[in-house]
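>>> Predicted coordinates and the sequence they were generated for:
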Amino acid sequence: MNDTHIIINLGRQLGSGGHDIGRMLALDFKAQYYDRAILSRAAKESGLSERMFEQHDEHKSFLRSFLHLPGGVANSGYQQSGGFSQDALFKFQSDAILRAADEGNCVFVGRCADYILRNRVDTVNIFITANMDFRVSQVMAKQGFTDRDEALRFIEQGESQRAEYYKYYTGKKWGQAENYDLCIDSSVLGLMETEKLISQFVRKRFGLS
């Protein structure tokens, strides 16, 4: 592979295998993989607790998180009524994504990375979907559910939160095809073959052999 800088942003339906596909893509393109790891990075760079970022991860909440402010942060412009709003946490997380993207090839899963990095020319935005039976089976296996209805409720609640979060911060509809360069159903080919197809698409997108 040449020195082309590649940023892959993955949106994904719950249970579609987006995490696994993202990890495989990161290996293919010698890229850093950022899913929940971006929360750790945002916490470290901001000096805030990682738990704060986890509590508001990909869902919109109007609760405020109050804390003692570390030196240097209190004057950052993010302080609101003695604490940090979720919007401020999103700003810290966005800054972490921007810095990570500058450092080398990256695969970002969720966290509105497609919108945060919208002004870059080295990005490709992918959305991974799958049929509901496939997704329920995946969620049952990974989350330990024994009841399909319970897994279905987990999917519906999680996706409702993601959609609200994405719309709030981007003004766009989560999962809508026009927001992405490629949308693909992972239940048609399976995770490994889906990853291969996406990899081929990315190579074509960047003119790689």
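The structure has been received and is ready for your questions.

>>> Can you give me the distance of the most centrally placed residue in the chain to residue 146?
For the chain, the residue nearest the mean C-alpha position is residue 110 (1.4 Å; Cα atoms, centre = their mean). According to Cβ to Cβ, to the nearest Å, residue 110 stands 27 Å off from residue 146. In this view, the C-beta of every residue, glycine as well, is placed from N, C-alpha and C.

>>> What residues does residue 10 make contact with?
Residue 10 makes contact with 18, 21-22, 25, 107-110, 126-128 under the criterion Cβ atoms under 8 Å, 6 or more residues apart in numbering.

>>> sorry, back to before: next up, the contacts around the residue nearest to the centre of the chain.
10-12, 18, 35, 58, 162.

>>> Least confident of the residues you listed?
Among those, residue 58 has the lowest pLDDT, at 60.

>>> which helices and strands sit right next to the longest helix along the chain?
Longest helix in the chain by number of residues (criterion: DSSP state H): helix 148-170. Contacts defined by 3 or more Cβ pairs under 8 Å, 6 or more residues apart in numbering; DSSP states H and E place helix 148-170 against helix 113-116, helix 132-143.

>>> Chain neighbours aside, what residue packs nearest to residue 206?
Leaving out its chain neighbours, the residue that sits closest to residue 206 by Cβ to Cβ, 6 or more residues apart in numbering is residue 4, at 5.0 Å.

>>> Residue 50 now?
That would be residue 43: by Cβ to Cβ, 6+ apart, it lies 3.9 Å from residue 50.

>>> And the pLDDT at that neighbour?
pLDDT, residue 43: 86.

>>> Next one: it from residue 36, what distance?
From residue 43 over to residue 36 (counting by Cβ to Cβ), the distance is 11 Å.

>>> and residue 9, how many neighbours?
Using other Cβ atoms under 10 Å, residue 9 has 28 neighbouring residues.

>>> Residue 180 now?
Residue 180: 18 neighbours (other Cβ under 10 Å).

>>> Equivalent analysis for the one 5 residues further on, please.
Neighbourhood size, residue 185 [other Cβ under 10 Å]: 14.

>>> Specify the beta-bridge partners of it.
Beta-bridge pairing of residue 185 under DSSP bridges involves residue 129.

>>> what sits against it?
Listed by Cβ under 8 Å, 6+ apart, the contact set of residue 185 reads 128-131.

>>> Kindly reformat these as a markdown table and extend each row with neighbour count, distance to residue 140 and pLDDT.
Below are those laid out as a markdown table (neighbours: other Cβ atoms under 10 Å; distance: Cβ to Cβ, whole Å; pLDDT from 0 to 100):
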| residue | neighbour count | distance to residue 140 | pLDDT |
| --- | --- | --- | --- |
| 128 | 28 | 19 | 98 |
| 129 | 20 | 18 | 98 |
| 130 | 24 | 14 | 98 |
| 131 | 14 | 15 | 97 |
